[in-house]
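# this one's structure only:
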């Protein structure tokens, strides 16, 4: 079943005036989009369509709810609240149906249906903050993870291929030992020096 099918609006059959549509958005909606920044969500979308003429409609979207994000700092999940309104104008025009901007969508005169799924997807993803951290919502970051990260960054221990070899059967190691006489790349040597400082 196509989850996005329920977001088809048959505006051709609507009478002039106001029309209300309600949608509940959850993870199944975002599963339809491979590269979505949001995966888990509980959102309600209220859509009011004002059909002013046969070729001119105003879509007013009201998004409310929350979605889960991963903290960029400690990798814990946190819930981010959303409350936003958007307005989009849908126009049917014979001149140039490909001319669009962010707020006006132009369709050919013979169009009678429009899927709002992509608009909702874009509206929600626009709400994702550039910096995703727990403190965005007043939650402290995971102290154990922050401690582990700071310890990891300060280690001076050099990791070798032997550390990754299986003690039971060295032949089964996914990493191959370089020959002893193989010279190292001087660029990597310089980078290692930076890590030691």
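Thanks, I have it. Only a predicted model underlies this, so the values are computations on that prediction, with no experimental measurement involved. Numbering: from 1, shown residues only.
# going forward, measure contacts between C-alpha atoms and count neighbours the same way
Noted.
# Tell me who's in contact with residue 43.
Taking Cα atoms under 8 Å, 6 or more residues apart in numbering, we find residue 43 in contact with 24, 25, 26, 63, 64, 65, 66, 67.
# Assign it to helix, strand or coil.
Following DSSP: H, G, I helix; E, B strand; the rest coil, the label given to residue 43 is strand.
# gap between it and residue 9?
With distances taken as Cα to Cα, to the nearest Å, residue 43 is found 19 Å from residue 9.
# Could you list the paired strands of the helix or strand residue 46 falls within along with their orientation?
Assigned by DSSP states H and E, residue 46 falls within strand 41-53. Strand pairing for strand 41-53, determined by DSSP bridges: strand 17-25 (antiparallel), strand 56-70 (antiparallel).
# Could you count how many residues lie near the nearest residue to residue 10 once chain neighbours are set aside?
Spatial nearest neighbour of residue 10, chain neighbours left out: residue 113 (4.3 Å); criterion: Cα to Cα, 6 or more residues apart in numbering. Residue 113 is flanked by 13 other residues according to other Cα atoms under 10 Å.
# residue contacts, residue 113?
Neighbours of residue 113 in contact, by Cα under 8 Å, 6+ apart: 8, 9, 10, 11, 12.
# so can I have TSV of those residues showing pLDDT and neighbour count?
TSV is the format used below for those (pLDDT from 0 to 100; neighbours: other Cα atoms under 10 Å):
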residue	pLDDT	neighbour count
8	93	12
9	92	17
10	92	12
11	91	19
12	88	14
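# Quickly list what residue 85 is bridged to.
Here residue 85, judged by DSSP bridges, has bridge partners residue 62.
# my guess is it contacts residue 62, does it?
Yes - the pair residue 85 / residue 62 is scored as a contact, 4.5 Å apart, by Cα atoms under 8 Å.
# Just want to know which of these two has more residues nearby.
A direct count of neighbours by other Cα under 10 Å for residue 85 and residue 62 places residue 62 higher, at 17 against 14.
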